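Novice: Got a sequence here, can you model it:
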Amino acid sequence: MSASTESSGTGIGEVKLFVPPDWFDLMADGRNREATRARCAELVRLTYPNTPDERREDFTEGLLYCYDKYLADGVIMYGVVTAPMPSSGSQAAWQVYGGVVAVPERPAELDLGVLLERVFDERLAQTMAYVERFTTAIGEGFGFISQPPVQLPRDWDDDSGTQMRTGLAGVLSCPPEGGKGLLIIGTCLDPDQVRELAGLVAVIAGHSVFVSPDAE
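Specialist: Purely as a prediction, here's the structure:
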C-alpha cells in the first residue's frame, strides 16, 4: 500500500487516498480527459495486443464513457483489482469506488441504514448482513458488508432474467464533527469474496485523509 493524492475537483480541498500502487484507477488524472484517454488507450493496447485498432478504440471509448459518468456523479476514485485469491486461487474481479458525501453534523447519531438508502435505495438496507463501527484516520468509520441479489437479463430485449448474488462492502469515514465524509464502496462478482473485499475497503477508508486547501 502507498498513499496517493486525488483532488476532489471542487476547489475546497483534497483527499489523500491510501490505495494500492499497482492497480488501475480510472479517475487518477482527475478532470484531465485527454490524459485519461491516453492512459486508457495504453492499457487497452497492452491488454489486447492482437486486437484490431478499431476494436481497441471501441474499448477505450467504453472506458471514457464510464469516466464521464463517474466524474459527473462525483466519484474521485474507481479502482479495479483482478488477481488470483491467495487463499483459494479463484479469480478476483473487484471494483472499488470512492467519493465525498455530506453527513449529519453529529455522526454519533448517524443511522447507517438511512444513509445507505439515500446513497443507494431501500433494498440495500434490507439486505445488509453485517455492520461495524470503528476508528479511522479521519475520525469515525461505519462499515458494512452485504450479498445483495442482482437481476441478470436473458438478452437485451428481455428484462426477466435470473438472479445472482454479488458481494458488496462499504465504509463511510467522517470527522467527529461531521459535515463531510469519505464513502468507499467495493463490489465483487463472487459473493464469497466479500470479506476479503471488505478488508481492502476498510484499509482504504481507514487510512485516507482529508487535506485542507491551505495545508502544506
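
Novice: which residues of the protein fall in strands?
Specialist: Per DSSP state E, the chain carries strands over the ranges 2-7, 14-19, 24-25, 75-81, 94-103, 128-135, 140-146, 149-152, 162-165, 167-174, 179-188, 209-211.

Novice: quick one: average confidence on the last one?
Specialist: Predicted confidence along strand 209-211 averages 92 (mean pLDDT).

Novice: Next, count neighbours for Lys69.
Specialist: Residues lying near Lys69 (other Cβ atoms under 10 Å) number 11. Where you see a C-beta, it was placed from the backbone N, CA and C, and this is true even at glycine.

Novice: Give me the local confidence score for it.
Specialist: pLDDT recorded at Lys69 is 93.

Novice: need the contact list for it.
Specialist: Counting by Cβ atoms under 8 Å, 6 or more residues apart in numbering, Lys69 makes contact with nothing.

Novice: sorry, back to before: with respect to Arg56, which of the strands of the chain lies nearest?
Specialist: strand 24-25 (15.8 Å; Cβ to Cβ).

Novice: how close does Pro20 get to Phe210?
Specialist: To Phe210, Pro20 is 20 Å away according to Cβ to Cβ, to the nearest Å.

Novice: Of those two, which one has the most company?
Specialist: Taking other Cβ under 10 Å, Pro20 and Phe210 do not tie; Phe210 has more neighbours (22 against 15).

Novice: From Gly179, how far off is the more buried one?
Specialist: 10 Å.

Novice: follow-up on the earlier one: would you turn the strands of the chain into TSV with distance to Ala202?
Specialist: Shown next, in TSV, are the strands of the chain (distance: least, Cβ to Cβ, whole Å):
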stretch	distance to Ala202
strand 2-7	16
strand 14-19	11
strand 24-25	18
strand 75-81	14
strand 94-103	11
strand 128-135	8
strand 140-146	6
strand 149-152	23
strand 162-165	21
strand 167-174	6
strand 179-188	8
strand 209-211	15
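
Novice: Spatially nearest residue to the residue nearest the centre of the chain (excluding sequence neighbours)?
Specialist: In the chain, the C-alpha nearest the mean C-alpha coordinate belongs to Tyr97, at 1.3 Å (Cα atoms, centre = their mean). Among residues not flanking Tyr97 along the chain, Ile185 sits closest, at 4.8 Å (Cβ to Cβ, 6 or more residues apart in numbering).

Novice: Please apply the same query to Val171.
Specialist: For Val171, ignoring the flanking residues on the chain, the nearest one in space by Cβ to Cβ, 6+ apart is Ala205 at 3.6 Å.
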